[in-house]
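Q: need a 3D model of the following:
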Amino acid sequence: MRQKWTVIPVALVLAACGAQTKNLAATEPKSEPAPATHAVAAPVEDEPAEATHERNVDPSHAVGDYIVRRFSLRSRKAPTLLTERVIAVKDESYVLEVTRESGIESRSVRVELGTDSANRGEVLSVVALRGGKEIAMGRAAYEAIMRDTIFVADENEGAIESAKVKLDVQGRVLEGTETRFRVKVRGRAGTMRTFELENSPWGEVGSEVTTADGSVLYRAEVVDVGHEELRTAAVQEN
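A: Predicted coordinates for the structure are as follows:
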């Protein structure tokens, strides 16, 4: 879920759930980086089309790593809260427990992602968690969990600026890079801002897409990120 934001201070709203807005302060601005090739995967107004949802997974992930993000789409009344936690590390894959909370609904799956050069980021297996039991599921179960969390602009015209920033999350200061892009969404000019954590296996963790008049079409906000020991033993193969 790498899953691979200017010279002025920026304030991308990466906030704790129910907490106050967190601020990004720009440092060491850079101008005109090479055009980015990444895309932020769902139509703005319509139901998201089926996507592969393949992710880049860094081998520095460890059991207990976690990230919590909130995703807002203009066409959705309520935001989606997504928690991803590393529960197992194998020779050529990772296992993430992914929990989606939207309104009063909560669903969880465990997805195994490849890390080998031949299948890096590929979804290898998915199981649903029901009544404390694992039930083998198809890839569609993972795609349903990830629905509304990925956005794709119709056209990315390239990067405008990039700057080192500091992100305040739960009272902790995290360093990263914010990059701004010119984009088009359904023929309208807009701006996309992305935030990538420095020295973190999660990589790009935040994003915001706005139109020229300032309307927010999509936002991905960091609620929490860190590492904690799991309460139950996780499978770890060397």
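Q: residue ranges with poor pLDDT in this protein?
A: 1-60, 230-238 (pLDDT under 70).
Q: which residue ranges make up the domains of it?
A: 24-43+151-226, 65-148 (automatic domain parsing).
Q: and these as a markdown table, adding mean neighbour count?
A: The way it works is simple: take the backbone N, C-alpha and C, and place the C-beta from them, glycine included. Listed next are the domains of the chain as a markdown table, based on neighbours: other CB atoms under 10 Å:
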| stretch | mean neighbour count |
| --- | --- |
| domain 24-43+151-226 | 18 |
| domain 65-148 | 17 |
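Q: which residues touch the residue most central in space within the chain?
A: Most central in the chain under CA atoms, centre = their mean is Val205, positioned 4.4 Å from the mean C-alpha point. Each residue near Val205 by CB atoms under 8 Å, 6 or more residues apart in numbering is listed here: Ile67, Arg69, Gly176, Phe195, Glu196, Leu197, Ala220, Val222, Val225.
Q: Val225: what's it in contact with?
A: Contacts for Val225 were tallied using CB under 8 Å, 6+ apart; they are Tyr66, Ile67, Val68, Val169, Leu174, Leu197, Ser200, Trp202, Val205.
Q: tell me which element the first one falls in.
A: It refers to Tyr66. Following DSSP states H and E, one finds Tyr66 within strand 65-73.
Q: so which elements touch that strand?
A: strand 80-89, strand 204-211, strand 216-227 (3 or more CB pairs under 8 Å, 6 or more residues apart in numbering; DSSP states H and E).
Q: and the strands in this protein?
A: Using DSSP state E, the strands of the chain run over residues 24-31, 65-73, 80-89, 93-102, 105-114, 123-130, 133-137, 155-169, 172-185, 188-197, 204-211, 216-227.
Q: dump those strands into CSV; add distance to Thr149 as well.
A: Formatted as CSV, the strands of the chain follow (distance: least, CB to CB, whole Å):
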stretch, distance to Thr149
strand 24-31, 21
strand 65-73, 5
strand 80-89, 6
strand 93-102, 8
strand 105-114, 13
strand 123-130, 15
strand 133-137, 18
strand 155-169, 18
strand 172-185, 17
strand 188-197, 14
strand 204-211, 10
strand 216-227, 7
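Q: right, and Gly227 touches Ala62 too?
A: Just so we're on the same page, residue 227 is His rather than Gly. Yes - using CB atoms under 8 Å, His227 makes contact with Ala62 at a distance of 6.8 Å.
Q: this completes my enquiry, with thanks.
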